[in-house]
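Undergrad: structural data only, the sequence is not supplied:
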């Protein structure tokens, strides 16, 4: 079941926002299609996914301190020596294979794996933030394209209407039923309308370019009315709930939390590196003069901390302090962003309702003035003013409806809920944990 992004409105106002959606030469592009396309073509998403794969590989590499290693070394020599009665040759060779392994690494592998897992959590949160950012950017572009198309259409219609007024005014002046002042006013309004139409066209072309960049879809594609699942249901009912959700789900907060955990784990790893280790090695040597087999058990422990060790430890402490400060800042920023997004959403709803009422009133005024002009109670300039007011109100309604929908998505983004899953859509990309491991280059 799909729910419209718009609230139930007077059909007149819904139609007003859809004026720009005229039949196009290509298949219709829905917001769902646009989101799918943008995620598939986004370099930001692709880069973030590769970063996640790299972070996952760190988990596999975290046990390096307890891995068994095999090494081979070989040497050969040839000597020519003068013994007094001529040169004599002698040669030797040696082949050695050594197997070594830490029987006990002081707990380093365990702590390194935990650090790698925390880093993967951090990378996952960063990826969610990237994906959410691309989704919001696509929504902005999609709605912006609809808005730009409608504004251009309204400006074009207004330009045609004013051109007709200029023609009619010229006829009336030639017949002596109107003044040159009225004609000059009509021409001035027409000139301003031409400039506004040119600006609207430039904005439309820029919106087209942005949409094509994000989705890779031709700007000639028909844009269909946006429908999505669960949009209304995800909106928090109160500003307090918005703040609470942001602290739990905002990717920036989750990233900062994971970063603080990783920095804290670095402190543990720094201390663990000072623990004793027990290593075992076994080597076999094949030489010209003799063969040998040797085994050794080595206990290692640092006697004192060097200057570099101490400095690195202090650096780790400072980085942990920094991560705690960053976390406090992330929490504070998420709270403020959620509260501001909720207030903006609440404000644009009121604005939208007010502009709807303004459009309806302007429409009635325009009709009334038009009738009064017929009976000589109003002048042509009065009619131009009424039509101008109605045209401007229509443009404000376009912006108000656009702002209201966009504010909904920005609020959902601020509370960390703007995901394809929450929107009720399928993900065009394979899940992160199903991405195959990279090919071994060695």
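TA: Everything's here; your move. Keep in mind that this is a model prediction, so the values were computed, not measured.

Undergrad: counting contacts, what elements does the helix or strand harbouring residue 80 pack onto?
TA: Following DSSP states H and E, one finds residue 80 within strand 69-82. Under the contact definition 3 or more CB pairs under 8 Å, 6 or more residues apart in numbering; DSSP states H and E, strand 69-82 sits against strand 87-104. Every residue, glycine included, has its C-beta placed from N, CA and C.

Undergrad: what strands flank the strand it packs on, and is each parallel or antiparallel?
TA: Looking at strand 87-104 with DSSP bridges, its partner strands are strand 69-82 (antiparallel), strand 277-287 (antiparallel).

Undergrad: how far out from the middle of the chain is it?
TA: Computed by CA atoms, centre = their mean, to the nearest Å, the chain-centroid distance of strand 87-104 equals 57 Å.

Undergrad: which residues belonging to it are considered buried?
TA: By neighbour count on 16 or more other CB atoms under 10 Å, the buried set for strand 87-104 is 94, 96, 98, 100, 102.

Undergrad: ok, the fourth one touching residue 69?
TA: Read that as residue 100. Yes: using CB atoms under 8 Å, residue 100 is in contact with residue 69, at 5.4 Å.

Undergrad: do you know how far the nearest residue to residue 63 once chain neighbours are set aside is from residue 278?
TA: Closest residue to residue 63 apart from its sequence neighbours, by CB to CB, 6 or more residues apart in numbering: residue 109 at 4.5 Å. Distance, residue 109 to residue 278, using CB to CB, to the nearest Å: 13 Å.

Undergrad: for the nearest residue to residue 428 once chain neighbours are set aside, identify the helix or strand it belongs to.
TA: Using CB to CB, 6+ apart and skipping the chain neighbours, the partner closest in space to residue 428 is residue 36 (4.6 Å). Using DSSP H and E, residue 36 sits in helix 31-41.

Undergrad: can you pull out the strands in this structure?
TA: Using DSSP state E, the strands found in the chain span residues 3-4, 69-82, 87-104, 227-228, 277-287, 291-300.

Undergrad: what sits up against the longest one?
TA: Surrounding strand 87-104, the residues in contact under the criterion CB atoms under 8 Å, 6 or more residues apart in numbering are 65-81, 276-289, 297.

Undergrad: just the buried members of those?
TA: 65-66, 277, 283.

Undergrad: correct me, but residue 132 touches residue 420?
TA: No: Residue 132 is not in contact with residue 420 according to CB under 8 Å; the separation is 9.8 Å.

Undergrad: which of the two has more neighbours?
TA: residue 132 (21 against 18; other CB atoms under 10 Å).

Undergrad: wait, what's in contact with that one?
TA: 251, 413, 416, 418-419.

Undergrad: now swap in residue 285 and tell me
TA: Neighbour list for residue 285: 94-96, 291-294 [criterion: CB under 8 Å, 6+ apart].

Undergrad: how distant is stretch 252-266 from the center of its chain?
TA: That offset, for stretch 252-266, works out to 20 Å (CA atoms, centre = their mean).

Undergrad: residues contacting stretch 266-280, please?
TA: 100-108, 111-112, 115, 295-302, 305, 309, 312-313, 316-317, 319-320.

Undergrad: do stretch 196-203 as well
TA: With contact meaning CB under 8 Å, 6+ apart, stretch 196-203 is reached by 148, 151-152, 155-156, 158-159.

Undergrad: tell me the buried residues in that stretch?
TA: Neighbour-count burial for stretch 196-203, counted by 16+ other CB under 10 Å, picks out 196-197, 200, 203.

Undergrad: that one: how far from the chain's middle?
TA: Stretch 196-203 sits 29 Å away from the centroid of its parent chain (CA atoms, centre = their mean).

Undergrad: what's the answer for stretch 378-398, then?
TA: Taking the mean of its C-alpha atoms, stretch 378-398 sits 40 Å from the chain's own mean (CA atoms, centre = their mean).

Undergrad: ok, now stretch 391-407?
TA: 25 Å.

Undergrad: pLDDT weak spots in this protein?
TA: For the chain, the stretches flagged by pLDDT under 70 are 1-28, 82-84, 86, 218-230.

Undergrad: tell me where it has helices.
TA: Using DSSP state H, the helices of the chain run over residues 11-18, 31-41, 43-60, 108-175, 180-215, 231-234, 239-249, 251-272, 307-374, 380-414.

Undergrad: in TSV: those, plus distance to residue 442.
TA: Shown next, in TSV, are the helices of the chain (distance: least, CB to CB, whole Å):
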stretch	distance to residue 442
helix 11-18	58
helix 31-41	31
helix 43-60	13
helix 108-175	20
helix 180-215	38
helix 231-234	47
helix 239-249	40
helix 251-272	26
helix 307-374	30
helix 380-414	42
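
Undergrad: quick one, which of those gets closest to residue 430.
TA: helix 43-60 (9.3 Å; CB to CB).

Undergrad: what about the nearest residue in space to residue 61 that is not next to it in sequence, how many neighbours?
TA: Nearest residue to residue 61 in three dimensions, chain neighbours excluded: residue 116, at 7.6 Å (CB to CB, 6+ apart). Residues lying near residue 116 (other CB under 10 Å) number 21.

Undergrad: contacting residues for residue 116?
TA: 55, 58-59, 61-62.

Undergrad: which ChimeraX command selects the buried ones in those?
TA: Typed into ChimeraX, the line below selects the buried ones among the contacts of residue 116, using 16+ other CB under 10 Å:
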select :55,58,59,62
